[in-house]
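In: Quick one, structure for this:
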Amino acid sequence: MAKMNKKLAALLLALTVALCGICAAAEEAGTADAATEAAAATETTGTETTEAGDAAETAEAAAAEEPVLLATVNGDSIMSDNTALNQLVNYYVEYYSAMGADTSDPGFLATVRGLGLEWAIDDALYMQKAKELQIDAMTAEQKAELEAAAKSVWDDNVEYFMSMQGLADDASEEERAAAKETVLASIEQQYGYTEESYISSYVESYEEVQLRENVEKAVLGEVTLTEEEESAYFNDLVEEDRQQYEENIFMYEYMTGIQGQTSFYVPEGYRGVTHILLPVDDELMNTYTTLAAKLEEQAEADTSDGTAAETGETAETADGETEDATAEEPVTEEMVAAARQAILDSVQPTVDEIMAKYQAGTPFADLIAEYGTDPGMTQEPNKTNGYAVHAQSILWDPAFTEGAMSLEKIGDVSEPVLGSYGIHLIHYTRDIPAGAVELTIEEREDLRAEALSEKENEMKANMVSQWRDAADIQYTADGQKLMDDAAAANEAAEESVTATEATEATLGE
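Out: I've put the predicted structure just below:
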């Protein structure tokens with residue numbers, strides 16, 4: 001018996017989840033356009049939309065050729081025009097075309113055709129198991145539920161199109177009836193659907209998914225998750241993040257703070273700080289930032305001039321004349337310090353007032369509410385927990401980070417810190433424990449659902465793998481060539497990735 005390529009098997013599991021979501025997309029779609037497209041994408045005809053371009057036409061042409069036998073599964077034939085095979089190929093051609101990928105690439109087409117054949121084989125195994133268990137048809141209740149869902153989607157989209165025609169909320173029954181008649185005629189003309197045919201198509205498109213679910217429930221029963229399995233799942237995530245971030249604060253903050261990824265591990269050295277942001281007079285701030293920038297430019301110019309002197313070069317203007325270094329009065333460190341002090345002096349009365357209240361026992365949180373201008377300090381969890389700051393943080397103004405890390409103990413408040421946005425009074429609110437994050441009840445429920453879903457997918461994959469091991473699967477010469485082409489395309493893609501990684505590693509040295 002031929003074995004499935006491991007890479008294809010891994011991809012097939014992901015594709016299974018993706019395809020099962022297509023039918024549900026029609027139920028969730030917010031417009032008639034999206035709903036009808038979602039239903040069309042799952043029709044058993046395997047047709048494609050025009051947006052898929054030349055690659056989709058290629059896939060269609062291949063399917064339209066005289067069907068050839070690709071494989072047999074326990075005696076059942078898998079032909080090249082197999083519905084499940086071509087449905088998968090067309091879906092991925094359309095999906096990646098919409099994302100701007102070059103789906104005409106021979107390697108891409110070879111890969112998805114190989115996946116399509118493997119998908120068709122699994123589909124045959126599911127249907128054979130359904131017949132064996134005598135559950136090869138939806139129950140009347142399941143069909144009724146799908147029909148009700150389809151009717152709801154249809155009604156919602158008819159209403160949407162009616163509203164797009166400018167139908168007023170207080171329109172009369174006659175006006176609504178006329179608008180509905182126009183919309184129904186338009187939908188039938190543009191999409192080929194009547195209410196009856198749409199509901200029938202919707203139910204038909206979801207039937208295979210429902211039958212698969214029936215088989216999985218009959219074979220696997222109700223999948224549950226023990227507390228030990230939940231803990232092990234969480235601990236694995238923590239360990240994975242620890243290995244990635246423990247010694248790399250830059251990557252930790254880039255991935256969590258900038259890319260928005262969740263980390264289940266917190267590196268050592270973080271503290272939570274709250275602060276009062278005091279606004280600064282624009283003129284004072286502009287004077288300071290301008291002088292500071294000029295001083296920095298001068299320092300860079302001095303370095304450049306020193307290099308030129310060493311090489312015997314002379315700085316010249318665009319006209320070829322030697323530049324007059326005395327054309328503008330140079331900025332001194334004393335000038336920058338004076339501008340900075342002017343800013344501090346301007347807010348000192350407010351700072352004194354705040355600190356007097358704090359020392360008298362007013363909670364710092366109350367002072368933030370009274371004096372602060374940072375909206376981030378009014379929102380949870382920042383309001384209570386503060387901003388997470390590390391000595392190597394990349395997310396904050398360096399002056400803010402330095403001020404936050406200069407505080408010695410919880411409860412301390414910094415001297416006024418001049419940053420890019422004004423003056424900060426920083427409060428050392430708490431130490432953030434290193435290690436596994438503390439999950440809220442909602443986060444724990446979400447994590448449990450993820451762990452359960454992963455367990456279900458693993459059990460389904462093992463179930464199908466066992467069916468494959470016990471099945472008589474025979475590839476014809478055409479089928480084997482299709483699988484060999486897919487394997488070669490995957491190998492070439494892997495070699496390309498390896499070469500790219502090696503080049504990047506060399507450049508980074």
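In: now Val219: how far from Glu118?
Out: 20 Å (CB to CB, to the nearest Å). Bear in mind the C-beta positions are built from the backbone N, C-alpha and C, glycine included.
In: Check Asp102 too.
Out: Distance, Asp102 to Glu118, using CB to CB: 23 Å.
In: In terms of neighbours, single out the busier of the two.
Out: Comparing Asp102 with Glu118 by other CB atoms under 10 Å, the one with more neighbours is Glu118, at 23 against 12.
In: Helix or strand for the more buried one, just tell me which one.
Out: Per DSSP states H and E: Glu118 is located in helix 106-132.
In: Tally up the residues packed near the closest residue to Asp281 other than its chain neighbours, please.
Out: Counting by CB to CB, 6 or more residues apart in numbering, the nearest residue to Asp281 once its immediate chain neighbours are dropped is Ser346, at 5.8 Å. For Ser346, the neighbour count with other CB under 10 Å is 15.
In: same question for the helix or strand where Ser346 lies, mean pLDDT?
Out: Using DSSP H and E, Ser346 sits within helix 333-359. The pLDDT scores in helix 333-359 average 96.
In: chain center to it, what's the gap?
Out: In this view, helix 333-359 has its centroid 44 Å away from the chain centroid, taken as CA atoms, centre = their mean, to the nearest Å.
In: Show me which residues of the helix or strand following it are buried.
Out: Next in sequence after helix 333-359, counting helices and strands by DSSP H and E, comes helix 364-371. Judged by neighbour count (16 or more other CB atoms under 10 Å), helix 364-371 contains these buried residues: Phe364, Leu367, Ile368, Tyr371.
In: where does the stretch 51-200 of the chain dip in pLDDT?
Out: For the stretch 51-200 of the chain, the stretches with pLDDT under 70 are 51-64.
In: need the helices for it, in chain order.
Out: 53-64, 83-98, 106-132, 140-164, 173-191, 195-220 (DSSP state H, counting those that start in this stretch).
In: how about the ones you listed in CSV, adding distance to Ser77?
Out: CSV is the format used below for the helices of the stretch 51-200 of the chain (distance: least, CB to CB, whole Å):
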stretch, distance to Ser77
helix 53-64, 16
helix 83-98, 12
helix 106-132, 9
helix 140-164, 28
helix 173-191, 33
helix 195-220, 18
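In: so which of the ones you listed comes closest to Ala488?
Out: Smallest distance to Ala488 across the helices of the stretch 51-200 of the chain (CB to CB): 7.2 Å, for helix 106-132.
In: Output the contacting helices and strands for the closest one.
Out: Under the contact criterion of 3 or more CB pairs under 8 Å, 6 or more residues apart in numbering; DSSP states H and E, helix 106-132 touches helix 6-28, helix 53-64, strand 69-73, strand 76-79, helix 83-98, helix 195-220, helix 441-470, helix 477-508.
In: distance between the shortest one and the chain's centre?
Out: Its chain's C-alpha centre lies 38 Å from the corresponding centre of strand 76-79 when counted by CA atoms, centre = their mean.
In: Work out the sheet partners of it and label each with its direction, please.
Out: strand 69-73 (antiparallel) (DSSP bridges).
In: C-alpha coordinates for the partner strand, CSV please?
Out: Listed next in CSV are the C-alpha coordinates belonging to strand 69-73 (Å, rounded to 0.1, in the frame of the first residue of the first chain):
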residue,chain,number,x,y,z
LEU,A,69,-8.2,6.7,-13.0
LEU,A,70,-5.8,8.0,-10.4
ALA,A,71,-6.3,5.6,-7.5
THR,A,72,-8.6,3.0,-5.9
VAL,A,73,-9.6,2.9,-2.3
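In: Least confident of the helices and strands packed on helix 106-132, on average?
Out: Among those, helix 6-28 scores lowest, at a mean of 38.
In: buried ones in the longest strand anywhere in the chain?
Out: Longest strand in the chain by number of residues (criterion: DSSP state E): strand 422-431. Buried positions in strand 422-431, judged by neighbour count with 16+ other CB under 10 Å: Gly422, Ile423, His424, Leu425, Ile426, His427, Tyr428, Thr429, Arg430.
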